[in-house]
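Engineer: give the three-dimensional model of this entry:
(chains A and B)
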Amino acid sequence: MNPTIDLTSPAFWLVALLAIALVTPITQAGLKRWVWAGVNILFIAWMLRLRTLEVASAVVVAHLALRLLACGSWRRAIGWAGLALALGLFVMRKLPGVTEDLGLGVVNPLLVAVGFSYVFLRLLDAGRVIYEGGRPPPDLASTVNYLLPFHMLAAGPIQSYEDFVDQPAIAKPLSAEGALGGVERIALGLFKKFVVAYLLGEAFLTGFHVGGAYFWFEVQVYYLWFYLDFSAYSDIAVGIGRLMGVHTPENFNRPYVARNMIDFWERWHISLSQWVRRNLFIPIQLGLARKAGGGGKRALLIATLAFTVSFLLCGLWHGISWPFFAWGAMHALGLVVTNTYRHWLTKRVGRKGVKAYKEKTGYRLVAQVLTFEYVALSLVIISYPWKDLL
Amino acid sequence: MNDQDKHVTVGDTQATPGWRFGFRLLRVAVMLVLAFWLSRNGDAFFYQGF
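Structural biologist: Have a look, this model is predicted:
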């Protein structure tokens, strides 16, 4: 069994070609949903073989749970039970030792194979929106397509449930321009990953095994390499989505020019930061504001708490370990400092003054360099060979 | 419309002269050939580990 989705394998590209050939020409919404679901299941079956039945059963359970969240007096209990179950599976995904101890060793490879870290976030997003009555629950085909889109399985983007429901059932017919645009994005992704990032890694990266001045040089290169590697996957997903007429959200917008940490999270892994905002930051902020009431200083304190809790959890989502916890704490600190400084500056010089201040070239450059370095150092925390120090 | 939305629609609405279209195709071909060639040495995507 192949535990992860390997983009160098012919299976991924054969399924992608099949999806483009089958899904793109369909002009009937219901048929498109089912054919698209069939392709997604086929991809899972290709990877998991006989274990496909377990995954299909889990999707049916998720589908029924999402439908029950929309109606009935038990929906609150179902919501909590579903959250507990999803959290349990998430822990099993992140801590393989737990599944081994429980005698459920087969579960972890299945969760890894379907990219459960991302399925978990999509499931929670859909659950919250349906529970709040924001959108109707999906039919079975749409449940498959939302939770297990083959081109977004391994590394996102994390499409919001609202975005998924609101996308046109049938996209505009694919023009030659549109097709070329999609192929260009895929080629760009492959080029970034397998040419630029690969050569950069081969030439300069040592896994932080060299000290002194080279360490600081490697910190800079590592950030660039990380960006190229990660954004490449999003490029490929967006390109495939465009060719299939399946909306696939953008995930990056030149993060290396960010001026502060709030700006950074509006440019880096955008779909994750929007998920955090919708499902953690805003509910925490609103919950605290309801209890404590509004007010200038209190609002700032509430935002500080919401940033801290949201990004500590975001860190733990990446990995249940101390380095990821520290990474989350560092980003939370960056966001809190940015927000507090912005608040203080606005109070001091007013909105117009802040705008004029931000337009100064010197300020912009210093802010960009500081943000770049802060992010680069945060990546070292999660990638440094700490075990070698022990 | 924000920058992201603009990015999504680029290429869908603008007509491109034939020579430019051909150049873009050629650029795609070069990127794919190089990526395919070097991918034999590469590994799976780093970020998938999360």
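Engineer: for B:R24, helix, strand, or coil?
Structural biologist: helix (DSSP: H, G, I helix; E, B strand; the rest coil).
Engineer: ok, it - contacts?
Structural biologist: A:L180, A:E184, B:T16 (Cβ atoms under 8 Å, 6 or more residues apart in numbering or on different chains). (Each C-beta comes from the backbone N, C-alpha and C, glycine too.)
Engineer: want to throw those into JSON lines with distance to A:L64?
Structural biologist: JSON lines is the format used below for the contacts of B:R24 (distance: Cβ to Cβ, whole Å):
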{"residue": "A:L180", "distance to A:L64": "42"}
{"residue": "A:E184", "distance to A:L64": "41"}
{"residue": "B:T16", "distance to A:L64": "48"}
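Engineer: buried members of the residues you listed into PyMOL, please.
Structural biologist: Buried residues within the contacts of B:R24, by 16 or more other Cβ atoms under 10 Å in any protein chain shown, are selected in PyMOL with:
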select buried, chain A and resi 180+184
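Engineer: could I get the contacts of B:R24 as a markdown table with secondary structure?
Structural biologist: Shown next, in a markdown table, are those (three-state DSSP):
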| residue | secondary structure |
| --- | --- |
| A:L180 | helix |
| A:E184 | helix |
| B:T16 | coil |
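Engineer: give me the low-pLDDT residue ranges for the chain?
Structural biologist: The chain I'm using is chain A. Applying pLDDT under 70 to chain A flags the ranges A:1-6, A:8, A:48-50, A:294-296, A:390.
Engineer: could you do chain B instead?
Structural biologist: Using pLDDT under 70, chain B drops low at B:1-15, B:41-50.
Engineer: which ones are touching A:T308?
Structural biologist: By Cβ under 8 Å, 6+ apart, the residues touching A:T308 are A:A329, A:A332, A:V336.
Engineer: tell me the buried residues in the helix or strand encompassing the last one?
Structural biologist: Okay, so that is A:V336. Under the criterion of DSSP states H and E, A:V336 resides in helix A:322-358. Within helix A:322-358, the residues that count as buried by 16+ other Cβ under 10 Å are A:323-325, A:327-336, A:338-339.
Engineer: cool, stretch A:190-204 as well?
Structural biologist: Buried, per 16+ other Cβ under 10 Å, within stretch A:190-204: A:L190, A:F191, A:K192, A:K193, A:F194, A:V195, A:V196, A:A197, A:Y198, A:L200, A:G201.
Engineer: show the end-to-end separation of that stretch, please.
Structural biologist: Its first and final residues considered, stretch A:190-204 spans 20 Å by Cα to Cα, to the nearest Å.
Engineer: do the same with stretch A:42-55
Structural biologist: 12 Å.
Engineer: for the nearest residue to B:L34 once chain neighbours are set aside, phi and psi?
Structural biologist: In space, and not counting its chain neighbours, B:L34 is closest to A:V195: 4.9 Å by Cβ to Cβ, 6 or more residues apart in numbering or on different chains. Per-residue torsions, A:V195: phi -110, psi -70 (degrees, to the nearest 10).
Engineer: my guess is A:V195 contacts B:L38, does it?
Structural biologist: Yes - between A:V195 and B:L38 a contact is recorded at 5.5 Å, counting by Cβ atoms under 8 Å.
Engineer: around chain B, pick out the residues from the stretch 51-200 of chain A.
Structural biologist: Contacts of the stretch 51-200 of chain A with chain B, taken as Cβ under 8 Å from any Cβ of the partner chain, map to A:115, A:117, A:154-155, A:172, A:175-178, A:180-181, A:183-184, A:187-188, A:190-191, A:193-195, A:198-199.
Engineer: hmm, try it at 7 Å
Structural biologist: A:117, A:154-155, A:175, A:177-178, A:180-181, A:183-184, A:187-188, A:190-191, A:193-195, A:198 (Cβ under 7 Å from any Cβ of the partner chain).
Engineer: among those, which ones are in helices?
Structural biologist: A:S117, A:E177, A:G178, A:L180, A:G181, A:V183, A:E184, A:A187, A:L188, A:L190, A:F191, A:Y198 (DSSP state H).
Engineer: closest to A:V107 among those?
Structural biologist: A:S117 (14.3 Å; Cβ to Cβ).
Engineer: tell me how many other residues crowd the closest one.
Structural biologist: 22 (other Cβ atoms under 10 Å in any protein chain shown).
Engineer: A:A86 now?
Structural biologist: Per other Cβ under 10 Å, the neighbour tally for A:A86 reads 19.
Engineer: list the contacts for it?
Structural biologist: A:A86 sits next to A:F120, A:L123, A:L124 when contact means Cβ atoms under 7 Å, 6 or more residues apart in numbering or on different chains.
Engineer: distance of the second one relative to chain B?
Structural biologist: To chain B, A:L123 is 17 Å away according to Cβ to the nearest Cβ, to the nearest Å.
Engineer: ok, now the first one?
Structural biologist: A:F120 is 12 Å from chain B, where distance means Cβ to the nearest Cβ.
Engineer: where does that residue fall, secondary structure wise?
Structural biologist: Counting by DSSP H and E, A:F120 is part of helix A:116-131.
Engineer: got the CA coordinates for that helix in CSV?
Structural biologist: Taking C-alpha atoms only, helix A:116-131 is exported to CSV below (Å, rounded to 0.1, in the frame of the first residue of the first chain):
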residue,chain,number,x,y,z
PHE,A,116,-6.7,13.0,7.0
SER,A,117,-5.2,16.2,8.3
TYR,A,118,-6.9,18.1,5.5
VAL,A,119,-10.1,15.9,5.5
PHE,A,120,-10.4,16.7,9.2
LEU,A,121,-10.4,20.4,8.6
ARG,A,122,-12.9,20.2,5.7
LEU,A,123,-15.2,18.0,7.8
LEU,A,124,-15.1,20.5,10.7
ASP,A,125,-15.8,23.4,8.4
ALA,A,126,-18.7,21.6,6.8
GLY,A,127,-20.0,20.5,10.2
ARG,A,128,-19.9,24.1,11.6
VAL,A,129,-21.6,25.7,8.6
ILE,A,130,-24.4,23.1,8.4
TYR,A,131,-24.9,23.2,12.2
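Engineer: next, the angle helix A:116-131 makes with the very next helix or strand once past it.
Structural biologist: Per DSSP H and E, the first helix or strand lying C-terminal to helix A:116-131 is helix A:140-147. Angular relation of helix A:140-147 and helix A:116-131 on a 0 to 180 degree scale: 130 degrees, by axes from the mean of the first three to the mean of the last three Cα atoms, to 10 degrees.
Engineer: if anything else comes up later, I'll come back, but that's it for now.
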